[in-house]
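Visitor: Predicted model follows, preceded by the sequence.
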Amino acid sequence: MKTNAEIATWGRCYQMALRRHLWSSGPSSNPPAALRLGRRALRLGLETLDVARVHERALDTVTSPEDTPDHDGRDAIKRADTFFRETIVPIEKNHHAAREAGDRIDRLTQMLRQRAAESSASDMQLEQAVACREAAEARAEACAAHHNELTKEAQRIQRDLRDLMRARLSCQEGERDGIGRELRDEIAQALVGIDLCLLALKTSACIDTDKTEKNILDLQRLSVQLKTDGLITNEGQADL
């Protein structure tokens, strides 16, 4: 905004230009002078209303009966109105450009707000996705840890089962060894008995036939008993 002195100087220039326009012969509105005044008013920061006030004061001065060449007030007002319209053209154009710029700024602002809202929504979705992924990773880690624990427990159980099987087999082998010793002892006793019977048969074969027959029957019963108990087989009896 310029100083009041510069604005006052512009007002006087406007008044003189308007007087020349009204005194000019012909219908021409002298656009160059009006446009120059309008551009200068724009540089001074004047608005259309400011120019209208200056125009009213100038019109009161230059349209007195002694200042008008033809005493037709209506024609003077019409010509003055044309001059005023030509003067405010640069200001109105500037206002139009400003309005367009404002509209463009509003559109850009709205677009930026929309982009910001979309960006905010995208950020929120990204945060939710990150949170879901972190939760999934935490669950996966927990599952992996639990799986490792189960694997270790299974390995421990397998070791315990192997140890138990070895102990069971060792116990069974001990039991078999004990049973084998008992069987060998029984067989040894049976063989001793057979030997005694044979010895008795050998001794009494020629002396007492009845006793020999009885000893033979005892040997047969002992053989049957041994076979029944599974201590000897048919091949063993035959060998015997």
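Guide: Perfect, thanks for sending it.
Visitor: from here on, contacts and neighbour counts on C-alpha atoms
Guide: Will do.
Visitor: Just give me how far the helix or strand harbouring residue 82 sits from the chain centre.
Guide: Residue 82 belongs to helix 73-87 when assigned by DSSP states H and E. Mean-position distance between helix 73-87 and its chain equals 72 Å (CA atoms, centre = their mean, to the nearest Å).
Visitor: try stretch 35-54
Guide: With CA atoms, centre = their mean, you get 61 Å for stretch 35-54.
Visitor: Only the buried residues of it, if you could.
Guide: Using 16 or more other CA atoms under 10 Å as the test for burial, stretch 35-54 gives 35, 37, 38, 39, 40, 41, 42, 44, 46, 48, 51, 54.
Visitor: ok, which stretches of the protein are helices?
Guide: Secondary structure of the chain (DSSP state H): helices located at 4-23, 31-44, 48-62, 73-87, 89-204, 209-229, 234-239.
Visitor: Using CSV, write out every CA atom in the third one.
Guide: What follows is helix 48-62, C-alpha atoms only, in CSV (Å, rounded to 0.1, in the frame of the first residue of the first chain):
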residue,chain,number,x,y,z
THR,A,48,-12.7,-0.8,-7.0
LEU,A,49,-14.5,0.9,-4.2
ASP,A,50,-11.6,3.3,-3.7
VAL,A,51,-11.6,4.2,-7.4
ALA,A,52,-15.4,4.7,-7.2
ARG,A,53,-15.0,7.2,-4.4
VAL,A,54,-12.4,9.2,-6.3
HIS,A,55,-14.6,9.0,-9.4
GLU,A,56,-17.6,10.4,-7.5
ARG,A,57,-15.5,13.3,-6.2
ALA,A,58,-14.0,14.0,-9.6
LEU,A,59,-17.4,13.8,-11.3
ASP,A,60,-18.9,16.4,-8.9
THR,A,61,-16.0,18.7,-9.9
VAL,A,62,-15.9,18.2,-13.7
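Visitor: which strands and helices sit next to it?
Guide: helix 4-23, helix 73-87 (3 or more CA pairs under 8 Å, 6 or more residues apart in numbering; DSSP states H and E).
Visitor: So which of these is nearest residue 224?
Guide: Taking CA to CA, helix 73-87 is the member of the helices and strands packed on helix 48-62 nearest to residue 224, at 150.5 Å.
Visitor: Mind listing what's buried along that closest one?
Guide: 76, 79, 80, 81, 82, 83, 84, 85, 86, 87.
Visitor: Which per-residue confidence value corresponds to the fourth one?
Guide: If I follow you right, that is residue 81. At residue 81, the predicted lDDT confidence score is 87.
Visitor: Any idea how many residues pack against residue 149?
Guide: Residue 149 is flanked by 12 other residues according to other CA atoms under 10 Å.
Visitor: whoops, residue 56 was the one
Guide: 13.
Visitor: go on, residue 145?
Guide: Counted with other CA under 10 Å, residues neighbouring residue 145 total 12.
Visitor: And it, how far from residue 61?
Guide: Counting by CA to CA, to the nearest Å, the gap from residue 145 to residue 61 is 100 Å.
Visitor: same check, this time on residue 132
Guide: Distance from residue 132 to residue 61, by CA to CA: 82 Å.
Visitor: Residue 168 too?
Guide: In this view, residue 168 and residue 61 are 134 Å apart by CA to CA.
Visitor: And residue 175, by the same measure?
Guide: Distance, residue 175 to residue 61, by CA to CA: 144 Å.
Visitor: ok, now residue 215?
Guide: Computed with CA to CA, the distance linking residue 215 and residue 61 is 179 Å.
Visitor: The two: who's more crowded?
Guide: Between residue 215 and residue 61, counted using other CA under 10 Å, residue 215 has the larger neighbour count: 19 against 12.
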